[in-house]
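[1] how does the following fold in three dimensions:
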Amino acid sequence: MNSAPASASSREVLDRLVTEQVNDHTKTLDQLDSERIMLLINDEDRRVADGVRAIIPQIAACADWVVDAFRRGGRLFYVGAGTSGRIGILDASECPPTYGTDPSLVQGIIAGGFRAVKDPVEGAEDSAETGAADIDAHGVAAADVVVGIAASGRTPYVLGAMRRAKELGARVVALCNNADTPMAEIADLKLEAVVGPEAIHGSTRMKAGTAQKMILNLITTTAFVRSGKVYGNLMVDLNPSNEKLVHRAKRIVALATGAGDDRVEAAFEAADRHVKTAIVMILANVGADRAKALLQQADGFVQRALDLQRGVKKEATPPV
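    As a prediction, this is how the structure comes out:
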């Protein structure tokens, strides 16, 4: 399908976007061998981490909003088109196996629907009305956080979704790779990861997409650490849904407790294969029911559960 030529004003807007600039460092890319091409691309990729680091305070504020939303029964939604939409869906889909969450807690919404995860859906990103309708279809409410994602910061589908989410009272975040965009004007919080022109002109699946993925990793990982789904640096709420993950779950219990294989196996099975419960059983030297009760009291935090049990023991010890 042929699209109409861009208007002069549209061209002027594109000309100003950092993501649409020509990268002077890679102008001879087509004349290089494979290794040199990769070295130049890797040089560009190394700029991404610094660009993300520069906006850590804003990303942390977003994670704090997500923690608050989870505590109030809210959810996290990512909304994007093309690469940005797929990155949101990827991050959302990895939360249940990694942190044992309900699939509804973190959701990705993509222009064009599920088919667009695999195949391009022409024109889907151009409809602000469809973006708004998709927000309604997912039941977004005031307790939720909605993160709009677009490298340009001006995708109509995402803008429509963000406006509708804001009307519904949700906290709205703009994640883009240009500064001072229409998305940022709508958002309550802006995450502007400006990482420079792409190695291949306009191919925002590269540096822009990498920055987006890094930021989503930071948001969900931080939110789940602060929600009690990590003990130390161990993912103690993973869902052991296959043989590999069962092995990983038992190894996590062993790493957390220092217990031998037999004790880990016994606790893991007595805990109904729930990693946190098995850890508390071993470290607090209690049965499965007591371990579960402690975790419930501690809002799922392993260290708090252990502290509660130690406090019980301390209170029970008569003064000398």
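[2] now do stretch 230-246, average pLDDT.
    The average pLDDT for stretch 230-246 rounds to 94.
[3] list the buried residues in it.
    Of the residues in stretch 230-246, 230-231, 234-240 count as buried by neighbour count, 16 or more other C-beta atoms under 10 Å. C-beta coordinates here come from the backbone N, C-alpha and C atoms, glycine included.
[4] these into a markdown table, with extra columns for secondary structure?
    Converted to a markdown table, the buried residues of stretch 230-246 look like this (DSSP: H, G, I helix; E, B strand; the rest coil):
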| residue | secondary structure |
| --- | --- |
| Val230 | coil |
| Tyr231 | strand |
| Leu234 | strand |
| Met235 | coil |
| Val236 | coil |
| Asp237 | coil |
| Leu238 | coil |
| Asn239 | coil |
| Pro240 | coil |
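[5] which of the residues you listed sits closest to Lys213?
    Of all the buried residues of stretch 230-246, the one with the least separation from Lys213 (C-beta to C-beta) is Met235, at 18.4 Å.
[6] where's that closest one relative to Gly160, distance?
    According to C-beta to C-beta, to the nearest Å, Met235 and Gly160 sit 36 Å apart.
[7] what about the residue lying closest to Ile186 once chain neighbours are set aside, which helix or strand?
    Spatial nearest neighbour of Ile186, chain neighbours left out: Met162 (4.8 Å); criterion: C-beta to C-beta, 6 or more residues apart in numbering. Assigned by DSSP states H and E, Met162 belongs to helix 156-167.
[8] relative to helix 156-167, how tilted is the helix or strand just after that helix?
    Using DSSP H and E, the helix or strand that follows helix 156-167 in sequence is strand 171-176. Counting by axes from the mean of the first three to the mean of the last three C-alpha atoms, to 10 degrees, strand 171-176 lies at 160 degrees to helix 156-167.
[9] sheet-wise, list the partners of strand 171-176 with their directions.
    strand 145-150 (parallel), strand 189-192 (parallel) (DSSP bridges).
[10] name the next helix or strand following that strand along the chain.
    Counting by DSSP H and E, the next helix or strand C-terminal to strand 171-176 is helix 182-186.
[11] can you name the residues in contact with that following helix?
    Applying C-beta atoms under 8 Å, 6 or more residues apart in numbering, the contact partners of helix 182-186 are 148, 150, 153-155, 158-159, 162-163, 166, 172, 174, 176, 190, 192.
[12] recalculate using a threshold of 7 Å.
    Helix 182-186 is contacted from outside by 148, 150, 153-154, 158-159, 162-163, 166, 172, 174, 176, 190, 192, using C-beta atoms under 7 Å, 6 or more residues apart in numbering.
[13] also stretch 43-56?
    Here stretch 43-56 makes contact (C-beta under 7 Å, 6+ apart) with 25, 191-196, 199, 207, 210-211, 214-215.
[14] now the two most distant members of these.
    His25 and Leu191 (25.1 Å).
[15] got the contact list for Pro197?
    Going by C-beta under 7 Å, 6+ apart, Pro197 touches 18, 21-23.
[16] quick one: buried ones out of those?
    Neighbour counting with 16+ other C-beta under 10 Å marks 18, 23 as buried within the contacts of Pro197.
[17] quick one: which of the contacts of Pro197 is nearest Arg75?
    Nearest to Arg75 out of the contacts of Pro197 is Val18 (C-beta to C-beta; 31.6 Å).
[18] so what's the closest one up against?
    Val18 touches 177-178, 194, 196-197, counting by C-beta under 7 Å, 6+ apart.
[19] nearest to Gln58, of those residues?
    Set against Gln58, the nearest of the contacts of Val18 by C-beta to C-beta is Val194 (12.4 Å).
[20] need the pLDDT of that closest one.
    On pLDDT, Val194 comes in at 94.
[21] what about it, how many neighbours?
    Number of residues near Val194 (other C-beta atoms under 10 Å) recorded here: 15.
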